[in-house]
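**Student:** The following comprises the amino acid sequence and a computationally predicted model.
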Amino acid sequence: MGLENVLARLRAYVQESFLYMRPGFAVGDDESLFDKGVIDSMGIVELIGFLESEFSVAVRDDDVSEQNLGSLTSIARYVMVRRGNGGGV
């Protein structure tokens, strides 16, 4: 699975799980999910569960940061790196 496929799946997940009550709300791939109010501390727990089940990625405690999980792009790159695909990072 390539970076674009991971990014597309993440977009769909965020829409289904966090933005279902806000149908007109848009978040760019590089925008902060925290700053835009899309995700909070409980949401990050849900997101980690999704990453672990959907992409078979073990998210380490020390990897939970804005740099790795702050935007759709950073999450997709993190997934690619954790899966050994580089992710262009």
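**Tutor:** Happy to help now that I have it.
**Student:** quick one: which helix or strand includes the closest residue to F55 other than its chain neighbours?
**Tutor:** Nearest-residue entry for F55: V79, 5.0 Å, with adjacent residues in sequence omitted and distances by CB to CB, 6 or more residues apart in numbering. Every residue, glycine included, has its C-beta placed from N, CA and C. Assigned by DSSP states H and E, V79 falls within helix 72-82.
**Student:** helices and strands around that helix, which ones?
**Tutor:** Contacting helix 72-82 under the criterion 3 or more CB pairs under 8 Å, 6 or more residues apart in numbering; DSSP states H and E are the following elements: helix 3-17, helix 41-55, helix 66-69.
**Student:** That helix to helix 41-55, inter-axis angle?
**Tutor:** 50 degrees (axes from the mean of the first three to the mean of the last three CA atoms, to 10 degrees).
**Student:** Any idea which of the helices and strands packed on helix 72-82 gets closest to G84?
**Tutor:** Nearest to G84, of all the helices and strands packed on helix 72-82, is helix 41-55, at 11.7 Å by CB to CB.
**Student:** any idea how far stretch 58-75 is from the chain center?
**Tutor:** On the basis of CA atoms, centre = their mean, to the nearest Å, stretch 58-75 sits 8 Å off its chain's mean C-alpha point.
**Student:** Show the end-to-end separation of it, please.
**Tutor:** One end of stretch 58-75 to the other measures 13 Å (CA to CA, to the nearest Å).
**Student:** So, low pLDDT: which residues of this protein?
**Tutor:** Within the chain, the stretches with pLDDT under 70 are 86-89.
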